[in-house]
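Asks: how would this look folded up:
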Amino acid sequence: MESPMRITGLSSFEAKKKLNEFGENIVYGKRKLNPVILFFKKFNSPLLIILIVVSIVSYFLGERTNALIIISMVLISGIMDFINSFKSEKAVEKLVAKVLTKATVLRDGQKKKINLREIVPGDVAFLSAGDVIPADSFVLEAKDFFVNQSALTGESFPVEKYDGTEEKALKEFTPENESAVFMGTNAVTGFATIKVLKTGRETEFGKILKDLSERSGDTEFEKSIKSFSYFIMKLNFLLVGIVLLINALLGRGILESFIFAVAIAIGLTPELLPVIMSVSLSRGSIKMAEKNVIVKKLSAIQNFGSMNILCTDKTGTLTEDKIVLIKHIDAKGEDSEDVLLYSYINSAYHTGVKNPLDRAISEHKKLDISGFKKIDEVPFDFTRRRDSLVVESGGEKVLITKGAPESIFDVCAFYRNKDKNLKFDSETKKNVLERFRELSRDGFRVLALAIKKLDPDDNDYQKDDEKEMIFMGFTAFLDPPKKDVADTIEKIKKLGIEIKILTGDNEILTEKICRDIDLKIKGIILGTQLNSISDSELKILARKITVFARITPEQKERVITVLRKSGHAVGYLGDGINDAPALKAADIGISVNNAVDVAKDTADIILMKKSLEVLKDGVKEGRRTFENTLKYIMMGLSSNFGNMFSMMGASAFLPFLPMLPPQILLNNFLYDMSQLSLPADNVDESEIEKPPRWNLDFIKKFMIVFGPVSSLFDFLTFGLLYFVFRLGQSQFQTGWFIESLTTQVLVIYFIRTRKLPFIQSRPSLALVINTVLMVAIAWLIPFSPLGRLFQFGKLSFLILISVIFIVVAYLVLVEIVKRIFYKFVPKVCGARMLK
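Replies: Purely as a prediction, here's the structure:
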């Protein structure tokens, strides 16, 4: 063991230097980028790069005004994109900071709590039960320190770790090394002081999960967005090729035609989609924070809204989570002070995470246990479902074992009747089992207790010592159901979410609580039954099961995995060490702020209160975020797509370009600015009643129907301006600039809802102000000094009135087509969200 004099930790200066050298202590996820780099990344689109390069070339070829305008528009768009994205990320960072897992380290000679990502090699950290191991380290000091290494080794029973040296740890740095601890594992019992050797992606866990960022970083929604973007990209290349071919055949300048084609491609590209998504998600996370829900991972919001099955333990979710010890009885059902005393000693001296039952025992009555000295302990695990403590009193050593009644019965050979130890025969066991069931039927949570005298000379204590024990009796606790939980469950059910209970408690107690809160039980299955059925059988059976009782953490994980494979979006709510595997397996892992570190670290979303009411509000906000993101995509595929397609067609028969490249970029910029308020838009209650689903097939059908409707009115505008009013180039381009921008922007009121706009569904005030402002700017620019810069011409009153009539007629037709479309094409076709 290293001398205590060497446990000095790092200075703040050394830690900062090492943080710059080794980077943040994160295995996957995005590392922070310099704001300057983030700004330049806004211009890494191939289309923008082409446009900038071509504009620079045209500048030196004499087209200076157009080139400067184009470059200015690109810069302004990039700056707006950067500002919105940066503000959103900063807002989210502040929220997530509230629930980040922290570690206690030695800095500048003093203990200090820091975020896990700030830990660096050389740090000295202090650990206790429930803490996650922050990095690959070796143990300097340890006391009853057991670590769950199942994430690395698959072994469910905790392994004890001892103090050692750095040299000893590095000699064989594997999970089998008794002085080495690793990131991805967690402390189960005891205390330890460790020294960090490796952090982040250099850890063993980091090497295993080096590709996890790419695998788990994208939800199905994000993957579908990328698929959609590739589709648009292919369409862009096709349109650019066609436009170049048409203009070449008409003998127009290659450079001007190429810039025109690229400008059309930019107009068609939903380049604001990342910003809309970022702003929508960050705004959603801020709104959810107001409802006591903190989002650690923004992309999880879509999963949260799409959840249609919620798996949870009953404790604290359905019940008050205010557990009180009511009874301490012996095998005959009589009050027993010995049962209380030994239960008290076990709860007071064990160094594992203090669960609510332990706290209830400790708070029931203060007992003097100074005559009992703790010798050792055997930690709890979910296979044995019990823990043991060795104490010494009056020269005698006693093993005290407390746990689930069935697991205690299995290790008992005798039972205590007053002062006598009698045979724990089958008849007695039957009577004791019935007493346990009776307590469960009355709504009690029950622990059983057993003791055993040990050889005073024995100093090695293992789980194998738990045999031939004396059954002492039961401790019975009450945890009443929450008063308003029945109403909340009904509201959750109306949101299309089914609740399934995954608990380690027995089925009798769980059934009693479900009855008390009116949670309809379709079926019950036990952990022992799960072991005898295959995944394919469970896939069918799980649909008919509401309560999974007496199950282990591994079985929870299995149930969730099978439900996901069945096509469900599954959420899991948990706060204990045993919940970590299930939280990781679920589409959306949900924990609470007072959960153990390993649960908080694994979860995607943190509830500031362990309440289904809070969760319900968060789900609704997640669905609003999803719907508002979808609106932008549908907007781009209706009017915007139609206008760009029309522009390509018009260039084939007009003797001039229907709109100059700078005018197209101005049109696109104003349109994008009008959409920035979409994340704050209202969403119809009918749209959030059921889990939303991303469906590319539906979106393509939407484009095929509404794109041509937009193009139809564009061509009517072309005919009116060119053949009826016989306008020249600048006036024609002005007329169509106004008409195209107005239809693109105002159609949002009709696309955003299935209902009648304004009358049955009101948009947000911010959306109204923003859209009206952008349309007003578009109509005023041709009559301002900027009009000459963009080569616009002034239009007569009659032409402006005609444009207004065309816009109104277009919007009326969109509403009619929308009603027919939704009558025959369902909005949701069942794609599901994945982690």
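Asks: Quick one: classify the closest residue to residue 675 other than its chain neighbours as helix, strand or coil.
Replies: Nearest-residue entry for residue 675: residue 632, 5.7 Å, with adjacent residues in sequence omitted and distances by Cβ to Cβ, 6 or more residues apart in numbering. No exception for glycine: its C-beta is placed from N, CA and C like everyone else's. Using DSSP: H, G, I helix; E, B strand; the rest coil, the structure places residue 632 in helix.
Asks: List of residues touching stretch 160-175?
Replies: By Cβ atoms under 8 Å, 6 or more residues apart in numbering, the residues outside stretch 160-175 that reach it are 1-2, 136, 138-142, 144-147, 149, 152-153, 159, 177-182, 185, 192, 195, 197, 204.
Asks: Could you pick out the buried ones from those residues?
Replies: 2, 136, 138-142, 144-147, 149, 152, 159, 177-182, 185, 192, 195, 197, 204 (16 or more other Cβ atoms under 10 Å).
Asks: number of nearby residues for residue 787?
Replies: 16 (other Cβ atoms under 10 Å).
Asks: next one: residue 479
Replies: By other Cβ under 10 Å, neighbour count at residue 479 equals 22.
Asks: Dump the C-alpha coordinates for the helix or strand residue 20 falls within into CSV.
Replies: Using DSSP states H and E, residue 20 falls within helix 12-22. C-alpha atoms of helix 12-22 as CSV (Å, rounded to 0.1, in the frame of the first residue of the first chain):
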residue,chain,number,x,y,z
SER,A,12,-5.6,22.9,-10.0
PHE,A,13,-2.8,24.0,-12.4
GLU,A,14,-1.6,20.4,-12.9
ALA,A,15,-5.2,19.2,-13.5
LYS,A,16,-5.9,21.9,-16.1
LYS,A,17,-2.7,21.1,-17.9
LYS,A,18,-3.5,17.4,-18.0
LEU,A,19,-7.1,18.1,-19.1
ASN,A,20,-5.6,19.9,-22.1
GLU,A,21,-3.2,17.1,-22.7
PHE,A,22,-5.6,14.1,-22.3
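Asks: buried sites along it?
Replies: Quick answer for helix 12-22 (16+ other Cβ under 10 Å): 15, 18, 19, 22.
Asks: okay, these in JSON lines with distance to residue 438 and pLDDT next?
Replies: Listed next are the buried residues of helix 12-22 as JSON lines, based on distance: Cβ to Cβ, whole Å; pLDDT from 0 to 100:
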{"residue": "15", "distance to residue 438": "58", "pLDDT": "93"}
{"residue": "18", "distance to residue 438": "60", "pLDDT": "93"}
{"residue": "19", "distance to residue 438": "59", "pLDDT": "92"}
{"residue": "22", "distance to residue 438": "59", "pLDDT": "91"}
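Asks: so what's residue 422 closest to, chain neighbours aside?
Replies: Closest to residue 422 by Cβ to Cβ, 6+ apart is residue 415, at 5.8 Å.
Asks: which ones are touching the one you found?
Replies: So residue 415 contacts 331, 421, 422, 423, 424, 428, 432, 470, 471, 472 (Cβ under 8 Å, 6+ apart).
Asks: Specify which member of these is nearest to residue 565.
Replies: Comparing the contacts of residue 415 against residue 565 with Cβ to Cβ picks out residue 432 as the nearest, at 40.7 Å.
Asks: Next secondary structure after the host helix or strand of the closest one?
Replies: Applying DSSP H and E as the criterion places residue 432 in helix 426-441. Using DSSP H and E, the helix or strand that follows helix 426-441 towards the C-terminus is strand 444-454.
Asks: what about the helices in the stretch 251-400 of the chain?
Replies: Counting by DSSP state H, counting those that start in this stretch, the segments of the stretch 251-400 of the chain that form helices are 254-268, 273-290, 300-306, 337-349, 356-364.
Asks: quick one: residue 433 from residue 526, how far?
Replies: 15 Å (Cβ to Cβ, to the nearest Å).
Asks: sorry, back to before: quick one: closest of the helices of the stretch 251-400 of the chain to residue 661.
Replies: helix 254-268 (4.0 Å).
Asks: Enumerate the beta-bridge partners assigned to the closest residue to residue 401 other than its chain neighbours.
Replies: Spatial nearest neighbour of residue 401, chain neighbours left out: residue 388 (4.4 Å); criterion: Cβ to Cβ, 6+ apart. Beta bridges link residue 388 to residue 378, residue 401 when assigned by DSSP bridges.
Asks: how many other residues sit next to residue 388?
Replies: Residue 388: 27 neighbours (other Cβ under 10 Å).
Asks: I figured it hits residue 462, correct?
Replies: No. Judged on Cβ atoms under 8 Å, residue 388 makes no contact with residue 462 at a distance of 9.5 Å.
Asks: Could I get the phi/psi values of the residue nearest to residue 422?
Replies: The phi/psi pair for residue 415 (degrees, to the nearest 10) reads phi -140, psi 150.
Asks: what about it, distance to residue 435?
Replies: Applying Cβ to Cβ to residue 415 and residue 435 gives a distance of 12 Å.
Asks: what do those two both touch?
Replies: With Cβ under 8 Å, 6+ apart, residue 415 and residue 435 have common neighbours residue 331.
Asks: Show which residue of the protein lies farthest from the average position.
Replies: Most distant from the centre of the chain: residue 726, at 57.3 Å, with distances by Cα atoms, centre = their mean.
Asks: how about that one, secondary structure?
Replies: coil.
Asks: after the host helix or strand of residue 528, next one along is what?
Replies: Taking DSSP H and E as the definition, residue 528 sits inside helix 527-530. For helix 527-530, the following helix or strand on the C-terminal side (DSSP H and E) is helix 535-541.
Asks: Please enumerate residues in contact with stretch 768-784?
Replies: 666-667, 670-671, 673-674, 676-677, 734, 737-738, 741-742, 745-746, 748-749, 787, 790, 792-795, 800.
Asks: The closest residue to residue 395 other than its chain neighbours sits in which helix or strand?
Replies: Distances taken as Cβ to Cβ, 6+ apart place residue 456 nearest to residue 395, at 6.6 Å, with adjacent residues excluded. In the assignment (DSSP H and E), residue 456 maps to no helix and no strand.
Asks: which residues does residue 456 contact?
Replies: Residue 456 neighbours (Cβ under 8 Å, 6+ apart): 395, 396, 397.
Asks: what number of residues lie near the first one?
Replies: Burial of residue 395 is recorded as 6 neighbouring residues (other Cβ under 10 Å).
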